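J.: sequence first, then the predicted structure, then my questions.
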Protein chains: 2
Amino acid sequence: MFIIFDYMEPVTLKNIASELGISVTTASKALKNYPDVSPKTRKAVVDLAKKLNYTPNSFAVNLRTKESKIIGLIIPEIVHHFFSSVINAIIKKAEKKGYLVITLQSNESDKLEEKQIDLLLDKRVDGILMSLSNNRKDLSPLKKIIESETPLVLFDKISKVINCSKVIIDDRKAAYSATKHLINSGCKNIAHFRGPLNPQNSIDRFLGYKKAIEDYKLTFDKSLIYTCEKVTYKEGYNFAKQLHLSNKKVDAIFAITDLVAIGAITYFNEANIKIPEQISIIGFSNWFMASVISPSLSTVDQPGNEMGKTALKLLLKEIKATKKGKKIEYKTIVLPTDVICRNSTKK
Amino acid sequence: MFIIFDYMEPVTLKNIASELGISVTTASKALKNYPDVSPKTRKAVVDLAKKLNYTPNSFAVNLRTKESKIIGLIIPEIVHHFFSSVINAIIKKAEKKGYLVITLQSNESDKLEEKQIDLLLDKRVDGILMSLSNNRKDLSPLKKIIESETPLVLFDKISKVINCSKVIIDDRKAAYSATKHLINSGCKNIAHFRGPLNPQNSIDRFLGYKKAIEDYKLTFDKSLIYTCEKVTYKEGYNFAKQLHLSNKKVDAIFAITDLVAIGAITYFNEANIKIPEQISIIGFSNWFMASVISPSLSTVDQPGNEMGKTALKLLLKEIKATKKGKKIEYKTIVLPTDVICRNSTKK
């Protein structure tokens, strides 16, 4: 079934060592590029290992070159415009640099995510890029990556307590700007369709919204907060309906994502509520869809392409440094966001 | 850098063999599950190998279980609603069956696709699911998969000459139905925004369109065929504009995908051309977007979820059969499609 090295007569490190009259330890160190083996011995071991076709599986190749030229990418969801853009940027840039990208979708399951981390470590990828699932509470699988000295860069959905490089946006600031945009256009009673209670970016967007409400002397009203457990179109639609039928005095909605906002727009269109005259709506992410629906959706531009490129750049730097045995300096890069004004909010 | 088995004191097959007083060949055969080794000996070898932590890399695990529990998936594009649905279905079903899915995006590059095939074969995945890039002409990389006896199932974008299982839709029939829907609603001058000249599904959709035009005694007019090289929103927009400014007598458009159709809708909305009163538009794929834009888009429902599930099911069957040394019977499954009538076409 497999194209495999014939194990009938395995060439062992012992064979190589005894052939050259050196210890197994020295032979092993030579293949691992240890500095305390002379270049001459190292060359002899490497040459003989090649000649004898010593364990010609990718594992052995890794040992020789210390690189697999493979990068692992774990994300919560592939069917998601933002992550798709990130993946796309990573794959395109990686290809240019001679790396293949293995993409794994955790499906927001921390168990599956852990299996995927094990798989990538087992396959000895050169580095791992990750955006965490919403359910990640136990951080030990991430620590395992760090302990294995495999470079790790987290992006978008990160954990503050894990010591590694990160690429993020300032969700709180971005949500503040979106809410401020609504306030500046004259809205006074702003509802928030927020995300689940656990993930940091959902918390931060809520806090940014709340801070803008307070800074601009509006009243923060808990009853205007609706929690989308799954952040879906349907939740946006249903909460818009619920809000409308509740007769609450609301003139604007800040939605956690464009998908939720589009659900709300669909409901208001159906109910003949005029957007933005009767209600303003702003989303988050700037998905492609936001520009083509009617009315077109004002939103926060989340730079997926830039995030993918930056995360990969950081990772490649760390892979290079690790290869040279250099110490890695972890960086956290915060990418800027913009409010995009379209027709779902007043000028 | 790696969490690796300590090579300082490698446990070799020889160690295991001598410990048990059997030959290296027998020990190797035992680990490979050869039938000419007694179950008792096999058990002794496997138990000792486990106890000694014999080469605990995934390669050795493969040798023991003959399975990596990993499936490779190569697709042209991740940022694509249809493929996203397929991926999602595959990953969810695979997870239930205990398989991890490695997703690789070929970016419509046949060179990259070939590298990815090599990677998957090198990593000894249990099976490969593939939708071919538009530029795939040389079929030798696919033959390599078959020769390696790794089960392969092609879906959506396939090659007719490769002997393996396939899951497809009948693009010609589906395009025929879409065009027929336009004709039945009273349209007589129907343009087609087609895909590139090479891929089979783009050819088939064109041929289905042409056949409907001919069957219903309309005149096939070559000047009403516009070729989208990249199948983008922008091409849809630009061709709609070109068509409009050309003053050609056209009352309907059949677009190769929803994305192209939505580009056309956007242009006609901007130009104040009424859809479907002045021009009817039908797309292909039934992306989520099709239901939320104004007017909502009539389209052909392409069953991404079903296609992913069916392809995986076929692959798992073949993996099982291969494991048992059984002969595989290749199947080609054609999934049904539906025309979804919305507001961009007349009733």
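T.: Now that the structure is in, tell me what you want to look at.
J.: the nearest residue to A:D301 once chain neighbours are set aside: how many residues sit nearby?
T.: Leaving aside its chain neighbours, A:D301 sits nearest to A:N286 (4.1 Å; criterion: C-beta to C-beta, 6 or more residues apart in numbering or on different chains). To be clear about C-beta, it is placed using only N, CA and C from the backbone, and glycine gets the same treatment. The tally of other residues near A:N286 (other C-beta atoms under 10 Å in any protein chain shown) stands at 25.
J.: poorly predicted segments of chain A, please.
T.: Per-residue confidence for chain A (pLDDT under 70) gives these ranges: A:1-11, A:53-66.
J.: hey, where'd the helices end up in it?
T.: Secondary structure of chain A (DSSP state H): helices at A:13-20, A:24-31, A:39-51, A:58-65, A:81-96, A:110-122, A:140-147, A:171-184, A:200-215, A:233-245, A:258-270, A:288-292, A:304-323.
J.: what's the distance between the most centrally placed residue in chain A and A:T332?
T.: For chain A, the residue whose C-alpha lies nearest the mean C-alpha position (C-alpha atoms, centre = their mean) is A:S131; its distance is 2.8 Å. According to C-beta to C-beta, to the nearest Å, A:S131 stands 15 Å off from A:T332.
J.: one more: A:P303?
T.: Here A:P303 is placed at a distance of 16 Å from A:T332 (C-beta to C-beta).
J.: can you pick out the residue with more neighbours from these two?
T.: Comparing A:P303 with A:T332 by neighbour count (other C-beta under 10 Å), the higher total belongs to A:P303, at 20 against 13.
J.: does the more buried one touch A:I169 like I think?
T.: Yes. With contacts counted by C-beta atoms under 8 Å, A:P303 reaches A:I169, the gap being 7.2 Å.
J.: what residues do the two have in common as contacts?
T.: Contact criterion C-beta atoms under 8 Å, 6 or more residues apart in numbering or on different chains; residues shared by A:P303 and A:I169: A:335-337.
J.: what about A:E277, how many neighbours?
T.: Counted by other C-beta under 10 Å, the residues lying close to A:E277 total 9.
J.: phi, psi of the residue nearest to it when sequence neighbours are not counted?
T.: On the basis of C-beta to C-beta, 6+ apart, the spatially nearest residue to A:E277 that is not a chain neighbour turns out to be A:K346, at 8.0 Å. Per-residue torsions, A:K346: phi -80, psi 150 (degrees, to the nearest 10).
J.: residue contacts, A:K346?
T.: The neighbourhood of A:K346, defined by C-beta under 8 Å, 6+ apart, consists of A:185-187, A:276-277, A:280.
J.: redo that, cut-off 7 Å
T.: Residues touching A:K346, when contacts are defined by C-beta atoms under 7 Å, 6 or more residues apart in numbering or on different chains, comprise A:185-186, A:276, A:280.
J.: before we move on, back to that, please tell me how far the residue nearest to the centre of chain A sits from chain B.
T.: When C-beta to the nearest C-beta, to the nearest Å is applied, the distance between A:S131 and chain B equals 14 Å.
J.: hang on, that residue packs against A:F155?
T.: Yes. Taking C-beta atoms under 7 Å as the definition, A:S131 is a contact partner of A:F155 at 5.4 Å.
J.: before we move on, the earlier item: show me which pair in the contacts of A:K346 is furthest apart.
T.: Spatial extent of the contacts of A:K346 (C-beta to C-beta) is set by the pair A:G186 and A:P276 at 9.8 Å.
J.: more neighbours: the two, which one.
T.: Neighbours were counted for A:G186 and for A:P276 using other C-beta under 10 Å; A:P276 has more, 22 against 13.
J.: alongside chain B, which residues does the stretch 151-300 of chain A contribute?
T.: Listed as neighbours of chain B in the stretch 151-300 of chain A under the rule C-beta under 7 Å from any C-beta of the partner chain: A:262, A:266, A:289, A:292-294.
J.: widest-spaced pair of those?
T.: Going by C-beta to C-beta, the pair spanning these furthest: A:T266 and A:V292, at 13.4 Å.
J.: sorry, back to before: out of the shared contacts of A:P303 and A:I169, which are close to chain B?
T.: Of the entries in the shared contacts of A:P303 and A:I169, none also sits close to chain B under the rule C-beta under 7 Å from any C-beta.
J.: now, which of these sits nearest B:A321?
T.: Comparing those against B:A321 with C-beta to C-beta places A:L335 closest, at 49.1 Å.
J.: neighbours around the residue nearest to A:G127 when sequence neighbours are not counted, how many?
T.: Residue nearest to A:G127 in three dimensions, not counting chain neighbours: A:P151, with 4.0 Å by C-beta to C-beta, 6+ apart. Here the count is done by other C-beta under 10 Å, and A:P151 has 27 residues near it.
J.: then A:L197?
T.: Count around A:L197 with other C-beta under 10 Å applied: 11.
J.: once you drop chain neighbours, what's closest to it?
T.: A:T227 (6.9 Å).
J.: in the stretch 151-300 of chain A, what residue is nearest chain B?
T.: Residue nearest to chain B within the stretch 151-300 of chain A: A:S294 (3.9 Å; C-beta to the nearest C-beta).
J.: ok, now which ones touch that residue?
T.: When contacts are taken as C-beta under 7 Å, 6+ apart, A:S294 is in contact with B:S294.
J.: repeat that for A:F82.
T.: When contacts are counted by C-beta under 7 Å, 6+ apart, A:F82 is found next to A:285, A:302, A:304.
J.: the residues you listed into CSV, with extra columns for neighbour count?
T.: Listed next are the contacts of A:F82 as CSV, based on neighbours: other C-beta atoms under 10 Å in any protein chain shown:
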residue, neighbour count
A:S285, 25
A:Q302, 25
A:G304, 25
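J.: and these as CSV, adding distance to A:I213?
T.: As requested, these are exported to CSV (distance: C-beta to C-beta, whole Å):
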residue, distance to A:I213
A:S285, 21
A:Q302, 22
A:G304, 28
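J.: counting neighbours, what do you get for the residue lying closest to A:D251 once chain neighbours are set aside?
T.: Residue nearest to A:D251 in three dimensions, not counting chain neighbours: A:C187, with 4.7 Å by C-beta to C-beta, 6+ apart. Neighbourhood size, A:C187 [other C-beta under 10 Å]: 22.
J.: so who does A:C187 touch?
T.: The neighbourhood of A:C187, defined by C-beta under 7 Å, 6+ apart, consists of A:251-252, A:280.
J.: quick one: which of the contacts of A:K346 is nearest A:Y99?
T.: Proximity to A:Y99 was ranked across these by C-beta to C-beta; first place goes to A:S280, at 44.3 Å.
J.: pretty sure the closest one sits against A:T345.
T.: Yes. Applying C-beta under 7 Å as the test, A:S280 and A:T345 come out as touching, 4.4 Å apart.
J.: between these two, which is the more surrounded one?
T.: Here A:S280 and A:T345 are compared on neighbour count by other C-beta under 10 Å; more neighbours surround A:T345, at 26 against 22.
J.: hmm, A:S185 and that one touching each other?
T.: Yes. At 5.6 Å, A:T345 and A:S185 qualify as touching, with contact defined as C-beta under 7 Å.
J.: anything in contact with each of these two?
T.: Looking at what touches both A:T345 and A:S185 (by C-beta under 7 Å, 6+ apart), the common residues are A:S280.
J.: A:K222: neighbouring residues, count only.
T.: A total of 5 residues lie near A:K222 under the criterion other C-beta under 10 Å.
J.: what does the one 10 residues further on give?
T.: Here the neighbour count serves as a burial measure; for A:T232 (other C-beta under 10 Å) it reads 14.
J.: can you check the one 10 residues further on too?
T.: A total of 12 residues lie near A:Q242 under the criterion other C-beta under 10 Å.
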